[in-house]
Structures are given as C-alpha cells and as structure tokens.
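Undergrad: output the structure for:
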Amino acid sequence: MHSIAVAGHLCLDIAPLSAERARIDPGSLFEVGPLSITLGGSVANTGGTLADLGAHVVPYATVGDDELGELLLSKLASEGFAPPHLSVSPSLATSYSLVIEHSGSDRTFWHHTGANAGFDGSAVTPDAHDLLHVGYPPLLPGLLDNSGQPLHDLFARARSAGVTTSVDLAVVDRNSAVGALDWDSILTSIFLHTDIATPSFDDLTSAFGIDEAYSPELADRFADRLLEEGVAIVAISAGQHGLRLRTASTERLLAGGGILAPLAESWADRSLTASPLPVEHPVTTTGTGDASTAGLLFGLSQGATPEQAIALAIACSAAVMSGARATRDTVLQLDSTVTAIFSPNV
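TA: Purely as a prediction, here's the structure:
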C-alpha cells in the first residue's frame, strides 16, 4: 500500500446547527441548534477521506499549545490516520473556523489561521512517502515567503526523491495580507514542481484576480495555464458544473514520481468532464472539494484509469454532501462502476 502524506492546513470546524434564522443583529438573541465540532482543513478533510477509502495516510501540520489543540489531537487520533507528525506552537492558537450554513446556499466561514501560520513544510519528510499532498497554501502564510519559496523547496525535495506531489488551493481573500501577495509569481513557482493540482474554479479566479462567472472556456484556459507551468494532472472542481480533468504529455507524466510514472501511457493527453451526482437531501458543502481531491488521489494510487478516478472523485464529493463518510461501501452504493479501483493495481 502506498504511503500518502497530507500536509498543510488543519483546524477545527465549529458549526451551530439549525442556524437558519441567525444573523448579526446587536442586542438580539437567536435560537440555534447544538454545536458540531469536527476536524477541518485540507489535512483532515482530504486525509480523512483517503483514510476512509483505505489509504495509509500520515498527517503533517501545526497546532497550538491550548485546549482546542488538545481537542483536535484527540479527534485526529480517532479518525483512522497513521500517527501524525504535528508541530506544536507555544505562541500561536489552534486554528478554527466558524461555519455558518443556511439551506439553499453555500456556507460562510469565519476563520482564524492561528498555528497554521507556523507551518513552513520544514518538518515534512517527503522521502518517507510515495505521494505528498499539500492543502490550502493561501491559508498557510509560512509557505508563502519569497513568492512561495518554502513550498517550492518542499516540492523540489519531494520530486528529487521520486515522490509524486499534489496541491489543492483555497480561495484567496484579496482584502487580506495574503491577498496582497503576487499570486501569479507564487503559483508559477509552486506549479514548477507540482505533479497534481486540484483547485476549485473559485480558487483560481480569486488567485488570478479574474472576476468572471464559470464557463467551460475559462476552466480550460486555467487548465492550459497550469499545464504550461509544469503541472502533469489538473482537476478543476466547479460545484454544479462538475469536475474538469486535463493531463499533460506522456513525457511529463513519466517524470511525475512513483505514482504517475506507471500510468503515463494511459493518462497522457486526456480531457474529461464529469457531472456531479444528484444528492436528494444535501446536508453540507463543507469538505466536498477535499473529498473530490481524495477520490482522485486514491484512484491514482490504485492505478485507476482517468475515467475510474474521476468517477470516484465525484462519488466521494456526493457522499460528503449527503452527510456520509466516503467509505468504500458508501461510494460503491453511489457508483458501482468504481468497484475495480478497490482491487490492487487496477
């Protein structure tokens, strides 16, 4: 079984349930439901789905030396991960997000970056793994110094060791200090050593400062840019518009580490779009993009075809949206065509 390192953003998601009537109104009181406290961030969401699918997952992140950090560690220990490699910051608080969800609309996050600001990738040992996935660089200021040099160096170390590299982005808040950075330069630096990129359409429009609604043409322009900058496999998620997969040449895939090289012939020069599966009673949109990333990465680690891997990505996203964990049994109920992925070396 391949070892997958999932590194970067880790927090607690704190969500008041049944918050339909709640709003900010000084002096008012609004009745809400019980509090849900779950692991959040790319490390927990992508890593958790990978673990649910059966992968060997090792988390790398930074937490605070506080009560929220203790709660986060206890939850992480119960989620099926391998022993985590977590740094503890004595000065930064554990990261958390307040998640506000109203039915019929996307969720709102109030986020504290906290100890994630102390994550710079230096404690990651990529050569101990077959695949290294880093999630949410826009929420990891320590990786962004000098136009993303720490992340560039981390991926360069991984690539030199034959490790396949993967990155997922997050929406860039243009009104923040991170938003004022030169994201064109940062992403160019990152993509030079990135084998797999799984951003959302919104991640890319915010990073590149493009104020345009979704269109297949714009999604393809983004994919073209990422491929030209060195990425081997690009998967752009766009909610109701589905998942757009584009891949580079056989030669580029052969240089993509131990996960991609054996798949070079079957994955090269592919262009696929998969529509989302219908979810009759959606529960949440939180973590659906991360679940999609996990499905794609798991498929790749199992030697799946592009069609199988993208189908698994879509099924994982639908499972999480329905409020379920994206386990093998759950995704097979949603799409039986991915059965072969769970046989080694498909």
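Undergrad: which stretches of the stretch 101-250 of the chain have low pLDDT?
TA: 102-106 (pLDDT under 70).
Undergrad: at 90 what do you get?
TA: 101-111, 145-147, 173-179 (pLDDT under 90).
Undergrad: just the helices in it please.
TA: 145-160, 183-191, 201-208, 216-228, 250-254 (DSSP state H, counting those that start in this stretch).
Undergrad: residue nearest the centroid of the protein?
TA: Note on the chain: the residue nearest the mean C-alpha position is D290, at 4.0 Å, using CA atoms, centre = their mean.
Undergrad: what residues are up against the closest residue to that one other than its chain neighbours?
TA: Closest residue to D290 apart from its sequence neighbours, by CB to CB, 6 or more residues apart in numbering: N45 at 3.4 Å. Where you see a C-beta, it was placed from the backbone N, CA and C, and this is true even at glycine. For N45, the contact set (CB atoms under 8 Å, 6 or more residues apart in numbering) comprises 39, 135, 287, 290-291, 294.
Undergrad: element containing N45, please.
TA: Using DSSP states H and E, the element containing N45 is helix 41-53.
Undergrad: how about the CA coordinates for stretch 177-190, as PDB?
TA: Taking Å, rounded to 0.1, in the frame of the first residue of the first chain, the C-alpha atoms of stretch 177-190 are listed here in PDB:
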ATOM      1  CA  ALA A 177      -2.300  40.500   3.800                       C
ATOM      2  CA  VAL A 178      -2.100  37.200   1.900                       C
ATOM      3  CA  GLY A 179      -4.300  38.500  -0.800                       C
ATOM      4  CA  ALA A 180      -1.900  41.400  -1.500                       C
ATOM      5  CA  LEU A 181       0.900  39.000  -2.400                       C
ATOM      6  CA  ASP A 182       1.900  38.400  -6.000                       C
ATOM      7  CA  TRP A 183      -0.100  35.200  -6.700                       C
ATOM      8  CA  ASP A 184       1.000  34.900 -10.300                       C
ATOM      9  CA  SER A 185       4.600  34.500  -9.100                       C
ATOM     10  CA  ILE A 186       3.700  32.300  -6.200                       C
ATOM     11  CA  LEU A 187       1.700  29.900  -8.300                       C
ATOM     12  CA  THR A 188       4.200  29.800 -11.100                       C
ATOM     13  CA  SER A 189       6.900  28.900  -8.500                       C
ATOM     14  CA  ILE A 190       4.600  26.200  -7.000                       C
END
